[in-house]
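**Student:** what shape does this take:
(one chain, ligands or ions: 2)
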Amino acid sequence: MNLTSVLSDIVLAALVASPFILIFVLGEKNMLARAGRIERVRQSKYTTKDLLFGSRYTASTVFIWFLFDRLDSIFTQQGWSLVYRDNTQHGWIYFTLSFLLFFLVYDLWTFSFHFSLHHFKCLRKFHSVHHQNETSPMGAFAFHPVEAVLFRLPITLAKLFVPLPYSVFVWFYIIVIAHTVYIHMGYDFKGLSTKFILTSRFHSLHHRNPHHNFGLFFGIWDTFFGTATGVNKK
Ligand SMILES: [Zn+2]
Ligand SMILES: [Zn+2]
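**Tutor:** Numbering: from 1, shown residues only. Ligands and ions are numbered 1, 2, ... in the order given. Next up is the predicted model:
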């Protein structure tokens, strides 16, 4: 069985299932909410319309990223991919550094790209799809097809030009799905720091005030470039 196709299925399943799981876990009537551990960071409670928001665009993003997975498989079959399966092939130091640098570089790319989507008129209309509503888990991957392609393209290019361990991509998919859904939950744990790992509160503020908070994973870029707002506020 082709591992890439298995991964595609996992990505698809996680994309579809995780919003519903997280709503269940982080809703307003569960144990954590009753204990005062979580709070709503979106302005209003969810309506059915909010929950369904973006599902059409989310479906198109899933389909586009699935096509990219197929394309990556073809490149692998042609022998063009530099992705390696044996973690020890380039040594453990290279393996560890490639893990850290991949996340850091991809995060800088998403910060820069997200900033451009808001500041260049030709790109703004594509990103307006994602900003049609407040944060919503089903809308976490609601992107215009052009934006979906541009977010995914660097992954395919990285596979062609940089020798990276296969496990980096497995963890990347899992973390990016879970974290992107989390920051679109509209709920957050009380008192969570936003300095290093970005929170739902941080991204909710971006949906209300699109001139700030462009980061995806890490708080360093917004802090460094002076675009952070509401950091660490309850
Ligand atoms: Zn968003
Ligand atoms: Zn935005």
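
**Student:** contacts, neighbours, all on C-alpha from now
**Tutor:** Will do.

**Student:** hey, which helix is longest across the chain?
**Tutor:** In the chain, taking DSSP state H as the definition, the longest helix is helix 92-119.

**Student:** helices or strands up against the helix or strand just after that helix?
**Tutor:** Next along the chain after helix 92-119, taking DSSP states H and E as the criterion, comes helix 121-127. Secondary-structure packing of helix 121-127 (3 or more C-alpha pairs under 8 Å, 6 or more residues apart in numbering; DSSP states H and E): helix 92-119, helix 145-161.

**Student:** which stretch among these comes nearest residue 62?
**Tutor:** helix 145-161 (8.8 Å; C-alpha to C-alpha).

**Student:** run through who's touching the closest one.
**Tutor:** Contact with helix 145-161 is made by 57, 60-61, 64-65, 68, 72, 80-83, 110, 126-127, as judged by C-alpha atoms under 8 Å, 6 or more residues apart in numbering.

**Student:** now the angle from it to helix 92-119?
**Tutor:** Helix 145-161 and helix 92-119 are oriented at 160 degrees to each other (axes from the mean of the first three to the mean of the last three C-alpha atoms, to 10 degrees).

**Student:** distance of residue 84 from residue 160?
**Tutor:** Distance, residue 84 to residue 160, using C-alpha to C-alpha, to the nearest Å: 11 Å.

**Student:** those two: which is more packed in?
**Tutor:** The residue with more neighbours, out of residue 84 and residue 160, is residue 160; 18 against 15, by other C-alpha atoms under 10 Å.

**Student:** count the neighbours of residue 191 for me.
**Tutor:** Using other C-alpha under 10 Å: residue 191 sits among 12 other residues.

**Student:** would you mark the buried spots in stretch 204-223?
**Tutor:** Within stretch 204-223, the residues that qualify as buried are 204-207, 212-223, counting by 16 or more other C-alpha atoms under 10 Å.

**Student:** no no, stretch 107-121
**Tutor:** For stretch 107-121, the buried set under the neighbour-count rule, 16+ other C-alpha under 10 Å, comprises 107, 108, 109, 110, 111, 113, 114, 115, 116, 117, 118.

**Student:** again, but for stretch 156-167
**Tutor:** Applying 16+ other C-alpha under 10 Å to stretch 156-167 flags 158, 159, 160, 163, 164, 165, 166, 167 as buried.

**Student:** could the C-alpha coordinates of that stretch be exported in CSV?
**Tutor:** Below are the C-alpha coordinates for stretch 156-167, written out as CSV (Å, rounded to 0.1, in the frame of the first residue of the first chain):
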residue,chain,number,x,y,z
THR,A,156,5.9,20.2,-2.9
LEU,A,157,8.9,22.5,-3.8
ALA,A,158,10.6,21.6,-0.5
LYS,A,159,10.2,17.9,-1.3
LEU,A,160,11.9,18.4,-4.7
PHE,A,161,14.8,20.6,-3.6
VAL,A,162,15.6,19.8,0.1
PRO,A,163,16.4,16.4,1.5
LEU,A,164,13.9,16.1,4.3
PRO,A,165,12.8,13.0,6.4
TYR,A,166,9.4,11.7,5.6
SER,A,167,8.4,11.9,9.3
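
**Student:** pLDDT of it, averaged?
**Tutor:** Averaging pLDDT along stretch 156-167 gives 92.

**Student:** now do stretch 60-69
**Tutor:** The model assigns stretch 60-69 a mean pLDDT of 90.
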